[in-house]
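# Fold the stuff below for me.
(chains A and B)
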2 protein chains.
Amino acid sequence: MDSTTLLYHLLDLGDKVLALSFDYGQRHRKELEYAARTCARLDVRHTVVDLSSAGSLLVGSALTSPEIAVPHGHYEDESMRLTVVPNRNMIMMAIAGGYGLAEGCSRLAVAVHAGDHAVYPDCRPQFIADFEAALRSGNYEQVSVYAPFLGWTKGDIACLGLDLGIDFERDTWSCYEGGEEPCGKCGTCVERAEALAAAGASRPAG
Amino acid sequence: MDSTTLLYHLLDLGDKVLALSFDYGQRHRKELEYAARTCARLDVRHTVVDLSSAGSLLVGSALTSPEIAVPHGHYEDESMRLTVVPNRNMIMMAIAGGYGLAEGCSRLAVAVHAGDHAVYPDCRPQFIADFEAALRSGNYEQVSVYAPFLGWTKGDIACLGLDLGIDFERDTWSCYEGGEEPCGKCGTCVERAEALAAAGASRPAG
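Purely as a prediction, here's the structure:
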């Protein structure tokens, strides 16, 4: 939901976008297929970075370890810390930054938002600021970080997405379980349903 | 030379070390075989992270693009900027940080040194400080960055390595060309020869 809305937002601004997805061994790699389909439809170049070799190093998260159950509930719940993949956003953003620099891009856009702050330290403003400082000092050319949803709720994102004409049910996948149908119980299913409800959409979670 | 000396130094301190190498499509991937052999001999767990998928995104460097010639000369020379891989150290250190966090390590050791500062911004003290801040703010658990050679010359590293009993010719590979024998002309061959000379070693560059 978040990344797809960001993509629509960037295209709405008139930006030329190069899209990156990451295969880090997540259970819900279904999101990669949804991303590929959306990008193809929008005529956006989409690349999947295979981090499965690095991903196997990032053990201890319910998102990557089959033996750890995906917790149910809200992002504020303590159990959601099981879904933290250590240093995940820095890894993905570091690769995206290098790619952007090689391609001569002016900014790196990420869809982190305030709803993620409670559980994921690497979605918080301090991390984004520190990351941007390191990206700046580590390179000759400069790419800025664009995180327009940093202070937004997921409901705000759903609102913008609906305004931009996104069909979330058709075009996006959130569920951490990665089964045939969304489980409706994991943190991301619960947040998604609430966001869409808050945005006044009458769609089921999915 | 730098990484091998760092490994010996850490073992000399009594640290338990987990070693990481990165295959990012570099010409000189021969360094990976040397690293594997050294770690096997020292009984250190060694993992090669396959970044060739991400590496193909990091174009425009003589280290990864066959069509760009590896420049000759010293690191201060302007042409050495051709060997800069955008954001390379942040990518490798971000993955190493995530791995260290997953494994419960207390620090992430890197062998950046003052001889690299002229050409590579991601070897400079400011980058190391900014990276460490992002690693701290982005994660619950904490891994510090240990860069003991940050203010050292390569000659200082060679001295320490010889003191620690390293056979550089047998155990390390530097040449960016990655041929059968070291070319003796690329930046890293030149720096290596000078460092070993400065350290009072009578070995040929190699």
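
# Now tell me which helix or strand of chain A has the poorest mean pLDDT.
helix A:52-55 (a mean of 68; mean pLDDT, DSSP states H and E).

# I'd like the next helix or strand past that helix.
helix A:88-103 (DSSP states H and E).

# The helix or strand that that following helix is followed by: how far from the chain's middle?
Downstream of helix A:88-103, the next assigned helix or strand under DSSP H and E is strand A:107-109. Centroid separation for strand A:107-109 versus its chain: 13 Å, with CA atoms, centre = their mean, to the nearest Å.

# Would you map the strands across chain A?
A:18-23, A:45-50, A:107-109, A:144-146 (DSSP state E).

# How about the contacts made by residue A:167?
With contacts defined as CB atoms under 8 Å, 6 or more residues apart in numbering or on different chains, residue A:167 has no neighbours. Backbone N, C-alpha and C define where each C-beta goes, glycine included.

# First-to-last residue distance for stretch A:23-30?
Taking CA to CA, to the nearest Å, stretch A:23-30 runs 10 Å from one end to the other.

# anything in that stretch near chain B?
No. Using CB under 8 Å from any CB of the partner chain, stretch A:23-30 stays clear of chain B, with a minimum separation of 8.6 Å.

# Give the buried residues for that stretch.
Judged by neighbour count using 16 or more other CB atoms under 10 Å in any protein chain shown, the buried positions of stretch A:23-30 are A:24, A:25, A:26, A:27, A:28, A:29, A:30.

# got the contact list for the nearest residue to residue A:27 once chain neighbours are set aside?
Of all residues not flanking residue A:27 in the chain, residue A:178 sits nearest, at 4.3 Å (CB to CB, 6 or more residues apart in numbering or on different chains). With contact taken as CB under 8 Å, 6+ apart, residue A:178 is in contact with A:26, A:27, A:28, A:29, A:30.

# ok, now how distant is the second one from residue A:173?
Computed with CB to CB, to the nearest Å, the distance linking residue A:27 and residue A:173 is 11 Å.

# now do the third one
For residue A:28, the distance to residue A:173 (CB to CB) stands at 7 Å.

# Please give me every residue in contact with residue A:137.
So residue A:137 contacts B:121, B:124, B:126, B:127, B:130 (CB under 8 Å, 6+ apart).

# what's the second one sitting at in phi/psi?
Recorded main-chain torsions at residue B:124 are phi -90, psi 160, according to degrees, to the nearest 10.

# which non-adjacent residue is nearest it?
Residue B:124's closest residue in space is residue B:117 (CB to CB, 6+ apart), at 5.1 Å.

# doesn't residue B:126 make contact with that neighbour?
No. Residue B:117 is beyond contact range of residue B:126, at 9.9 Å (criterion: CB atoms under 8 Å).

# shared neighbours of those two, anything?
By CB under 8 Å, 6+ apart, no residue touches both residue B:117 and residue B:126.

# Give me the more crowded residue out of the two.
residue B:117 (18 against 15; other CB atoms under 10 Å in any protein chain shown).

# distance of that one from residue B:151?
10 Å.

# what's the answer for residue A:136, then?
With distances taken as CB to CB, residue A:136 is found 22 Å from residue B:151.

# Between the two, which is the more surrounded one?
Comparing residue A:136 with residue B:151 by other CB under 10 Å, the one with more neighbours is residue A:136, at 17 against 11.

# ok, now which ones touch the more buried one?
Applying CB under 8 Å, 6+ apart, the residues contacting residue A:136 are A:142, B:130.

# tell me the pLDDT at residue A:66?
Looking at residue A:66, its pLDDT reads 57.

# and what of residue A:144?
Looking at residue A:144, its pLDDT reads 97.

# Surely it touches residue A:107?
Yes. Between residue A:144 and residue A:107 there is a contact under CB under 8 Å: 4.7 Å.

# picking up where we left off before, from the buried residues of stretch A:23-30, which single one is nearest residue A:91?
Nearest to residue A:91 among these is residue A:24, at 7.8 Å by CB to CB.

# any chance you could read off phi and psi for that closest one?
Dihedral angles (degrees, to the nearest 10) for residue A:24: phi -110, psi 30.

# what residue ranges in chain A are flagged as low confidence?
A:54-84, A:201-206 (pLDDT under 70).

# make it 90
Chain A contains residues with pLDDT under 90 at A:22-31, A:48-86, A:88, A:102-103, A:115-120, A:169-195, A:197-206.

# tell me the residue furthest from the middle of it?
Here the centre of chain A is the reference, and by CA atoms, centre = their mean the most remote residue is residue A:140, at 27.4 Å.

# Once you drop chain neighbours, what's closest to it?
residue B:121 (6.1 Å).

# ok, the one you found - contacts?
A:137, A:138, A:139, A:140, B:127.

# Identify the farthest-apart pair in these.
A:140 and B:127 (11.7 Å).

# To what extent is residue A:175 buried, counted in neighbours?
Residue A:175: 23 neighbours (other CB under 10 Å).

# My guess is residue A:24 contacts residue A:88. True?
Yes. With contact defined as CB under 8 Å, residue A:24 reaches residue A:88; the gap is 7.1 Å.
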